[in-house]
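Chemist: build me a model:
(chains A, B and C)
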Amino acid sequence: MTAALQTTNLIRRFGGLIATNDVSITLERGARHALIGPNGAGKTTLINLLTGVITPTSGSIMLDGHDITHASRAHRVALGLVRTFQINQLFPGFTPLQSVGLAVSRRLGLDRNMFRTIGSDPRVVESCVEVLERFDLIDVMNSQTASLPYGKQRLLEIAVAIACGPRVLLLDEPAAGVPEGERGEIMDGLAALPKDVTVLLIEHDMDLVFRFADRISVLVAGALLLEGTVDEVSNDPRVREVYLGEAADV
Amino acid sequence: MLTNLFDGVAYGMLLFVIACGLSVTLGLMNLINLAHGAFAMAGGYITVVLVNRVGVPFFAALPLAFILSAAIGLALERTLYVHVYKKTHLEQVMFSIGLVFMAMTAVSFVIGSEQKFITVPAFLDNRYEVFGVSMGAYRLLIIVVCGLLAGSLQYIIARTRFGSQLRAAVDDPTVARGLGINVDLVFAATFAVGSGLAGLGGALGANLLGLDPTFPVKYMVYFLIVVAVGGSAGMTGPLVAAILLGIADVSGKYYLPQFGSFIIYVFMIVVLLWRPQGLFAKVGGR
Amino acid sequence: MSTHAENIAAASKALRQVSRVKPAEIVFWLAALATFFFLPDQYLLLNEVVITGLFAVSLDLVIGYGGIVSLGHAAFFGFGCYFAGLLTKFAVPDPILGLVLAGIATGALGFVTSFLVLRGSDLTRIMVTLSVGVLLGEIANRMPWLTGGADGLQGVAPGLLLGRFEFDIFGKIAYGYSLAVTFVLFVIARRFVFSPFGWSIRAVKQNALRTSAIGIPVNGRLVVVYTIAAAYAGIAGALLAQTTSFVSLDVLAFHRSADLLLVLIIGGTGYLYGGLIGALLFKLVQDTLANFTPEYWEFWIGLILVAIVMIGRDRITGLPMHLARRLRGASA
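Modeler: From the prediction side, this is the model:
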C-alpha cells in the first residue's frame, strides 16, 4: 500500500549547517501524525522542504507514489499537498465564505473562468457550506476575515486548506497564538478533519498532540530522535530530557 | 575616452551625494519620497541667491546650502513626512508628487522659470591635462568633495555610535526602540542630513545639471535609478550604481547621441530584471 | 441552529449578493446617458471626462485589483492613441475596427512588458513602469516621421461610425461613441472582476503567498490583469485620437500618469467606479483651478494631493464615499 507521504534520507545543508539530517518519515493514508521538537529543531525547514519552498541537498520525497522532490510549489498543491501557516495567511478583505469559495473554485478548476460569477455554480456553494459547517464557521461566514477573533481565523486557515481538497495536510502549529479560551475550538477543528486526509501536525501544545495524534516523530537538531505511538514517545526518557524545562504534561 | 570616464565619474558621484539620502530613507523608514529632488533644487537655488545676489563666496555658500536644505528637510519631516511613514507606498508616491508640484510651481512663481547659473570662482573654469587626460577643474572639485563626503558617510555609519544606531534602526526599528534607541530622533536626523546632502549636491551640480523649476522631475528618475539599482541596504550599492549610471549616461550621450537617455532606461530595466531587489540589496530587502 | 439547506441558500445568496447590480449603479449610468441628451454644450468636456474615466478604470485594474503600483500607465494610453491615429489616418478609417485593433495591439504591448512588473518591490515596479513610460515617450519624440514629433499627428479623420454617423464638430457623435464604448468596456470589466478569475486576482493583491498556497499561479494572474488593463488604456487612447482628430506627444508624458493617480486617489480604487467618479471630479477641479490661476494651478493640485493623503481619503470623501458604499455593496 503506497504511503501517502514519504521522505527518504532527506538532507538539507545551509553551508556548514545541517538543518535537516537524514530524515525519513512515512505516513500511511489517513494517518494522524505529529512532529514535535524543541525550537530550532528544524521543523520549519522540513515543512519548507515538503512544500517546495526549498530543495533538499539529497534524499527524496514521495507523495502518493509521485516523486515530488523537485516539483514546483504549485504542482505539489495540484497533487494534493496543502499546508497551513504558523502565522495566519488569510485574505483580510474577504469573508470566510469568499476565501473558502476561492479555494473550492480552484479545486474544481473553475478559477480561470472570467465570466461567470463566483456563486453561480451550485457545486461551489455546496462544497463551501460543507467545509464551513465542518469547522463551525457558518455563523461568521459573512464577516470580514480581519474582524474575526484569532481562534476563528486559525480555524479559517485550516478550512481554506481543506477546501483545496488535499490528500496530505501539513498543519504548522495550528494552536500558535490562540488564546487559552479558544484552544477548544482548534481541537474541535482538528477532530473534524476528514478521515481520509493524511495529516502531519507540527505543534508545541502537547495537549493537542496527545489528543490528536496516533503517532509522533520527535525532531531534534535536524535529525529524528525517535518515532512511535503516543504512549511510546511520551514515556521515553530521552524525550523528557529534551523537553526539560518546557511545560509538557506527560 | 578617459575624459568621458572622468566626467562620468564626476556626474555619478554628484548623483550619489544627492541620492544617498533617498536610499537611506527608503531603507530606514520604508518611505518612497519622489520629492527628494526638490531638496537638491532648493540647495541649488539657495546657492544662486547667496552667491549671485548676496555676494557670499562660493565655497562659503556650499556649507550654507547644506545647512539650509537640512533645516527645510527637518521641518518638513517633523510636520508632514512623519504622518506618511505608515501609509501605503501608493499614498507616499502621491504625497511626494504633490509636494514636488508645489515646490516646482512655487519656485517658478518666486524666482522665475529660466535656467539659473551660479557664478563660480574663475579658477574653476580651468582645465588640466593629467596623463593626457583632459579634466575640468570644476569636475575635479566635484569628485574630491563628493569623495570626501562618501568617505565620511561610510565612516560615520561604520564607526560612530550614531552610525550603529542607524544601522540597528534600519535593520529592525521595533527591536531598536526596545534597545532604547530613539528611533524618531534617528529618523529625523537622517532625513535632515539626507536633505542637506541633496541640497549640497544640488548646489555643486547646479551649473552642470541645469537648474530650473523642472529639476526635480527631470532628475527624479536618475535618483530613483540609483536607489533601485543600488539597493537601500548601505552606501556601497548606491555609490557603485551612481558611478555606473554617470559613466553610462555621459558615454551614451557622447557615443550614441541619437539614443540619448535610452541607454539609462534600458540599462536599468535589464538590471532590475536580473536582480529585482537591486544590485546590492540584502536578502529579504524592501 | 440552521439546517444544511438553509446554509446553502444563505451562502448562495451571499456569494451572489456582491456582484448584483446595485440601484446606485443604474442611477449612475442613467445620469451618464442623460448628459448625452441634456448637456449639448458640454460634449467636448464630457468626452474628455469619459476617456479619462476609461483610462482610470484601466489603471484601477492594475493598482486597485492587481496591487501593482504603476507610474507609467500613460505608455499604454499613448501607444493606443498613436496606433489608432496612424491606423485611422493611413489604413483603416472605420473607427470601431481601428479601436479594436488598437486595443489588441496595446494589449500585446502590455503582455510583453508584463513580466517587468512581476518581481521586485513597489519601488522596483514604480521604476520599471516609469522607465517604460519615459522610454516610449522618447521613442515617439525621436520618430517625427511617424509620430509628427512635437507638432503631433494631425488630420486623424475617422470614417463614418457604424457606416452611418459622421463625427460632427459639436462632438455629439464623438461623445456618444466614447460613452457607448466606455459603457460596454465597463460592463465587461465588471463581469470580469466578479468572476472567479477576478476574485483570484484580488486574492493575489491581499496575500500572494496564500494565493499560491491554494495552488493559483500568481504570476499568471498578474500577467492577465496587466494585459487587459493595457488593452483598456489603449482603447481609451484610441478614443482620444479618433474623437479629437489629433495626437500629441503629451499623451505619453509623465504628468498623464501622475494625473491619473490623482484621479484614482480622488475617486478611490478597488471598486471600478472610482476611475469614472474621480475623472469627473478631477476635471471639475482642474477646470476651476485653471480659471482661477491659469499658470500655477498645478500648485493647488499638489496641495490637494498632499492634503488628501495627510487627512486620509476616508475622512475627506463624505459624499463620494457614501456613493461608493452604495455602488460597492458588501465588499470590494
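Chemist: need the pLDDT of whichever residue of the stretch 151-300 of chain C sits closest to chain B.
Modeler: Scanning the stretch 151-300 of chain C for the residue nearest chain B gives C:F299, at 3.8 Å (criterion: CB to the nearest CB). Any C-beta I mention is one placed from the backbone N, CA and C, and that applies to glycine too. Confidence at C:F299, expressed as pLDDT, is 87.
Chemist: surely it and B:T105 touch.
Modeler: Yes - C:F299 lies in contact with B:T105 (CB atoms under 8 Å); the separation is 3.8 Å.
Chemist: ok, back up a step: helix or strand for the residue of the stretch 151-300 of chain C closest to chain B, which one?
Modeler: helix C:297-311 (DSSP states H and E).
Chemist: the residue of chain A found nearest chain B and A:C164, how far apart?
Modeler: Proximity to chain B, evaluated over chain A using CB to the nearest CB, is greatest for A:F14 at 12.4 Å. In this view, A:F14 and A:C164 are 30 Å apart by CB to CB, to the nearest Å.
Chemist: who has more neighbours, the two?
Modeler: A:C164 (23 against 11; other CB atoms under 10 Å in any protein chain shown).
Chemist: from the stretch 51-200 of chain C, which residue is nearest to chain B?
Modeler: Closest point on the stretch 51-200 of chain C to chain B, by CB to the nearest CB, is C:G120, at 3.2 Å.
Chemist: what is the neighbour count of that residue?
Modeler: Count around C:G120 with other CB under 10 Å applied: 20.
Chemist: and it, that's in a helix?
Modeler: No - counting by DSSP: H, G, I helix; E, B strand; the rest coil, C:G120 falls outside a helix, being coil.
Chemist: so what's the residue of chain A found nearest chain C up against?
Modeler: Relative to chain C, the nearest point of chain A is A:G119 (2.7 Å; CB to the nearest CB). Listed by CB atoms under 8 Å, 6 or more residues apart in numbering or on different chains, the contact partners of A:G119 are A:G101, A:V125, C:A11, C:S12, C:K13, C:A14, C:L15, C:R16, C:S19.
Chemist: closest to B:L26 among those residues?
Modeler: B:L26 lies nearest to A:G101 out of the contacts of A:G119, by CB to CB, at 38.0 Å.
Chemist: before we move on, back to that, can I get the helix holding C:F299 in CSV, CA atoms only?
Modeler: This file holds the C-alpha atoms of helix C:297-311, laid out as CSV (Å, rounded to 0.1, in the frame of the first residue of the first chain):
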residue,chain,number,x,y,z
TRP,C,297,-2.9,75.6,-11.0
GLU,C,298,-0.5,72.7,-10.5
PHE,C,299,0.4,74.1,-7.2
TRP,C,300,-3.1,73.7,-6.0
ILE,C,301,-3.3,70.2,-7.4
GLY,C,302,-0.2,69.4,-5.4
LEU,C,303,-1.7,70.9,-2.3
ILE,C,304,-4.8,68.8,-2.8
LEU,C,305,-2.7,65.7,-3.2
VAL,C,306,-0.8,66.4,0.0
ALA,C,307,-4.0,67.2,1.8
ILE,C,308,-5.8,64.1,0.7
VAL,C,309,-3.0,61.8,1.8
MET,C,310,-2.4,63.6,5.0
ILE,C,311,-6.0,63.8,6.1
